[in-house]
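Undergrad: Here is my input; please provide its structure:
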Amino acid sequence: MDRGRTVTALLVLLVLLAGCGGSAGGAQVSGGGGADSAAVAETSVEADRAADGGDGGGGAAATDGAAATGRSIIRTGEVRLRVDDYETAHANLTAAVEARGGYVSDSNKQVHDRAEGAWTSGRIVLRVPAENFAETMTTVENEGRVLESSTSTEDVTDQVVDLQARLENLRAERERLRTLYERANDTEDVLAVERRLSEVQTEIERTEARLQNLQRQVAYSTVTVEMTEPRPDRPAPDQWYDTPVLAAFLDSVHGVGVVLRATVVAAAYAAPYLLVFLTPFAVGGGLLYRYRHRILDGDEE
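TA: Prediction:
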């Protein structure tokens with residue numbers, strides 16, 4: 001019985017130490033962990049050991065291997081484009097991002113059908129390696145006429161460090177709980193250790209998922225592109241008398257202006273030819289006119 005009390009006391013002390021270590025290593029991360037873990041159902045120690053075998057390979061390697069070197073920055077971009085053909089632009093952007101090691105994570109489009117015609121608009125979300133973010137933004141902006149373009153960055157270095165520290169504390173607590181479980185003989189103590197071990201394993205999995213999600217966002221930048229085709233112009237009225245009066249008057253005024261401009265331009269073009277070709281005739285006509293008057297004057301005398 002003394003041995004059971006000793007195990008219980010060690011378990012309580014272990015939980016208190018783990019709670020202090022977790023709050024010191026990652027205050028931002030552990031805020032909701034207790035409430036969530038309290039709802040986790042009891043699982044067997046065999047299941048915990050199987051889960052440990054799974055995360056001890058891929059999960060731990062991904063977490064430890066992705067330790068931040070320098071700053072962890074999430075880069076995002078948003079671009080609004082006017083494109084001549086939506087399908088062509090969509091295909092070009094898809095090919096461009098795949099050529100840079102990225103992929104299309106989301107895509108949707110709408111076909112607007114109105115009386116004046118139909119046009120397509122839509123959105124495409126590109127995920128591209130962070131080192132190719134600037135180049136991808138340039139490619140996107142060159143695909144059409146840019147209506148709006150913006151970029152933003154978010155420094156998540158502190159979050160990554162806190163999550164990594166939280167994982168270290170949780171894994172250390174898990175190992176201590178396993179050691180304590182092997183030494184426990186009393187049924188009540190065994191169940192208590194199992195329950196806490198299940199909670200710790202659940203917290204480890206959740207923390208790993210949050211850390212991996214941040215690391216994916218850092219590794220792959222996001223570019224959201226909204227594209228729309230130009231809306232077709234309204235067709236002309238079927239009959240000329242269906243044209244509104246004011247519109248008809250303004251069209252006539254515009255037509256008069258066009259005719260006047262055309263006349264002036266035509267005169268400007270014709271002036272050099274008239275000057276060159278009509279001058280000899282004018283000079284010859286003048287001389288002939290003078291010669292004729294001289295003859296007439298001589299006959300009268």
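
Undergrad: tell me the contacts of Ser107?
TA: 90, 122-125 (Cβ atoms under 8 Å, 6 or more residues apart in numbering). (C-beta placed from N, C-alpha, C; glycine too.)

Undergrad: residue boundaries of the helices in this protein?
TA: 2-25, 33-38, 45-54, 60-65, 86-99, 133-141, 157-183, 187-219, 245-300 (DSSP state H).

Undergrad: Looking at the contacts of Ser107, which are in strands?
TA: Judged by DSSP state E, these include 122-125 as members of strands.

Undergrad: So which of the contacts of Ser107 wins on neighbours?
TA: Neighbour counts for these peak at Ile124, which has 22 neighbours (criterion: other Cβ atoms under 10 Å).

Undergrad: What count of nearby residues applies to Arg82?
TA: Arg82: 14 neighbours (other Cβ under 10 Å).

Undergrad: Before we move on, what's the pLDDT of the closest residue in space to it that isn't next to it in sequence?
TA: Distance criterion Cβ to Cβ, 6 or more residues apart in numbering; nearest residue to Arg82, sequence neighbours excluded, is Arg145 at 4.3 Å. With respect to pLDDT, Arg145 scores 94.

Undergrad: and if you look at the one 3 residues further on?
TA: pLDDT recorded at Glu148 is 94.

Undergrad: same check, this time on Val245
TA: For Val245, the predicted pLDDT is 72.

Undergrad: For Leu180, see how far away it is.
TA: 94 Å (Cβ to Cβ, to the nearest Å).

Undergrad: same thing with Val223?
TA: Applying Cβ to Cβ to Val223 and Leu180 gives a distance of 50 Å.

Undergrad: quick one: which of those two has more around it?
TA: For Val223 versus Leu180, the count of surrounding residues by other Cβ under 10 Å is larger for Val223: 23 against 19.

Undergrad: what's near enough to touch the more buried one?
TA: Contacts for Val223 (Cβ under 8 Å, 6+ apart) come out as 76-79, 97, 125-128, 133, 136-137, 140.

Undergrad: Domain-wise, how is the chain divided?
TA: 2-69+157-217, 73-155+223-228, 245-300 (automatic domain parsing).

Undergrad: Lowest average pLDDT across these?
TA: Of all the domains of the chain, domain 2-69+157-217 has the smallest average pLDDT, which comes to a mean of 64.

Undergrad: related to what we said a few turns ago, any chance of the ones in strands among the contacts of Ser107 in TSV, plus distance to Arg171?
TA: Listed next are those as TSV, based on distance: Cβ to Cβ, whole Å:
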residue	distance to Arg171
Gly122	45
Arg123	41
Ile124	40
Val125	35
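
Undergrad: Out of those, the closest to Asp158 would be?
TA: Of all the ones in strands among the contacts of Ser107, Val125 has the smallest distance to Asp158: 26.6 Å, by Cβ to Cβ.

Undergrad: Not counting sequence-adjacent ones, nearest residue to that closest one?
TA: Nearest one to Val125, counting by Cβ to Cβ, 6+ apart, is Asp106 at 3.9 Å.

Undergrad: Just give the number of residues close to the one you found.
TA: 11.

Undergrad: wait, what's in contact with it?
TA: Per Cβ under 8 Å, 6+ apart, neighbours of Asp106: 123-125.

Undergrad: ok so, going back, compare the contacts of Val223 and tell me which is most surrounded.
TA: Ranking the contacts of Val223 using other Cβ under 10 Å puts Leu126 first, with 29 neighbours.

Undergrad: Double-check that one against Thr222; I have them as touching.
TA: Yes: with contact defined as Cβ atoms under 8 Å, Leu126 counts as touching Thr222 (7.2 Å).

Undergrad: Find residues that contact each of the two.
TA: Joint contacts of Leu126 and Thr222 (Cβ under 8 Å, 6+ apart) are Ser105.

Undergrad: wait, what's in contact with Leu147?
TA: 80-82.

Undergrad: for the helices of the chain, which one sits closest to Glu229?
TA: Nearest of the helices of the chain to Glu229, taken as Cβ to Cβ: helix 86-99 at 5.4 Å.
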